[in-house]
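> take a look and give me a structure for this.
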Amino acid sequence: MPRIEVETAAFPPSYGLGAYEQISATWEDIVWAAITVGRPNIHYVFRYGRPSLYEALFRLSMIRMALEQARPYQYYPLRRTAAFKALDPTEKGAVNYFLGMVFCKLFAATHLDIPWLLHVDVFKDQLNASFLTGRSRPDLVGQDVTGTAWGAFESKGRASNPSAQDRLKAKDQARRILSVDGIICAPLVASFTYFRGDTLKMICEDPEGRDSGERLRSGDGQWEHYYRAALALAEIDSEEATEDLQRRDELDLIVEIHPKILHLLREGAWAAAHDASVGLRDIFDVEGFKPDGIKVTTGDSWSEKLRL
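Residues are numbered from 1 along each chain as shown. Now for the predicted structure:
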């Protein structure tokens, strides 16, 4: 099982976090985070049909290309691959940014009980232009498992350990969202995913204080971004095209969505599926699903060294 070392700071005692924590995540957990960290995708102008599948494949490809398990250690940290190191600087920056969101989501889910993360850009219709175009804003907001609390997250992906100035700036950005659905955001989290040598590490801090920031509202539009890529992968088996079934075999994974919410997603009732999931989380847990009603099963190839 991959493990990620996390340096934490300034979280309230109620979270029970030490100065150093670990995320013990299976490849199923990592893939789940990659396909559900709700963000605008590059194909969203089309919105429906196969482009959603292409977006899901794009996210999976970044994870598979960039990371592998280091061996032979007593525990297996994640390391960047030779393929990742061979990318040009612009490509590395894009992958690092995506990894930052993925592992921010994993930390939020495993240590803060906040499994639902949405990119702030999915609220663009509610935000003024200066906020959207400015760099001083957080990347994500997240809802806890009970559906009664929200947090704000600035997630950074870096090639190396962030500087003290980087950490201060990220904390300032995390403060820029005041509330979601009328609920004041807490915690605020400045998250860094970076590499020490080739090994993936994290730093997560809860900045003190709150600014009079943006007030957001969630709805169908936001939760569609959350579920669309996962739904596309879950529906591969229902496709008649042989190439899709072959692609699933090549991916060496299966994505399932619990039947209690699958019909809602197929009908485009995105917020209703989210709301139902909050009430069904105990049932989902017993049956091996995440709190959002999604289950990922990966094959053995995900824990093998990437072959170029």
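
> enumerate every residue touching Leu264.
Taking C-beta atoms under 8 Å, 6 or more residues apart in numbering, we find Leu264 in contact with 270, 272-273, 276. For the C-beta atoms, the positions are set from N, CA and C on the backbone; glycine is no exception.

> what's the distance between Cys185 and Ser14?
16 Å (C-beta to C-beta, to the nearest Å).

> between these two, which has more neighbouring residues?
Cys185 (26 against 7; other C-beta atoms under 10 Å).

> could you tell me how many residues sit around the residue nearest to the more buried one when sequence neighbours are not counted?
What sits nearest to Cys185 in space, not counting adjacent residues and going by C-beta to C-beta, 6 or more residues apart in numbering, is Ala152, at 4.3 Å. Using other C-beta under 10 Å, the number of residues around Ala152 comes to 31.

> surely Ala152 and Ile177 touch.
Yes. The criterion here is C-beta atoms under 8 Å, and Ala152 meets it with Ile177 at 4.1 Å.

> in this protein, which helix or strand is least confident?
helix 242-251 (a mean of 63; mean pLDDT, DSSP states H and E).

> beyond that one, next helix or strand please.
The helix or strand immediately downstream of helix 242-251 is strand 253-257, counting by DSSP states H and E.

> for that next one, which helices and strands make contact with it?
helix 220-234, strand 294-298 (3 or more C-beta pairs under 8 Å, 6 or more residues apart in numbering; DSSP states H and E).

> could I get these in a markdown table, plus columns for distance to His258 and mean pLDDT?
Formatted as a markdown table, the helices and strands packed on strand 253-257 follow (distance: least, C-beta to C-beta, whole Å; pLDDT from 0 to 100):
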| stretch | distance to His258 | mean pLDDT |
| --- | --- | --- |
| helix 220-234 | 10 | 92 |
| strand 294-298 | 7 | 96 |
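
> distance to Leu118 added to these, as JSON lines?
Formatted as JSON lines, these follow (distance: least, C-beta to C-beta, whole Å):
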{"stretch": "helix 220-234", "distance to Leu118": "5"}
{"stretch": "strand 294-298", "distance to Leu118": "15"}
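
> mind checking which of those is nearest Leu106?
Leu106 lies closest to strand 294-298 among the helices and strands packed on strand 253-257, at 12.8 Å (C-beta to C-beta).

> how close does the residue nearest to Cys185 sit to Ile30?
23 Å.

> verify the stated contact: Ala234 with Glu256.
Yes. Under the criterion of C-beta under 8 Å, Ala234 makes contact with Glu256 at 5.9 Å.

> out of these two, which sits in the busier spot?
In this view Ala234 and Glu256 are compared by other C-beta under 10 Å, and Ala234 has more residues nearby, 22 against 18.

> one step back: show me which of the contacts of Leu264 are buried.
Buried members of the contacts of Leu264, scored by 16 or more other C-beta atoms under 10 Å, are 270, 273.

> one step back: contact partners for the residue nearest to Cys185?
So Ala152 contacts 138, 140-142, 174-177, 185, 188-189 (C-beta under 8 Å, 6+ apart).

> check Lys85 too.
Contacts of Lys85 by C-beta under 8 Å, 6+ apart are Asp198.

> which stretches of the stretch 51-200 of the chain aren't confidently modelled?
51, 71-75, 129-130, 132-135 (pLDDT under 70).

> mind listing the strands for it?
67-69, 76-80, 116-119, 140-143, 150-157, 177-180, 183-184, 188-196, 199-205 (DSSP state E, counting those that start in this stretch).

> Gln165 and Pro2, how far apart?
30 Å.

> Ser155 too?
19 Å.

> more crowded one of these two?
Ser155 (31 against 22).
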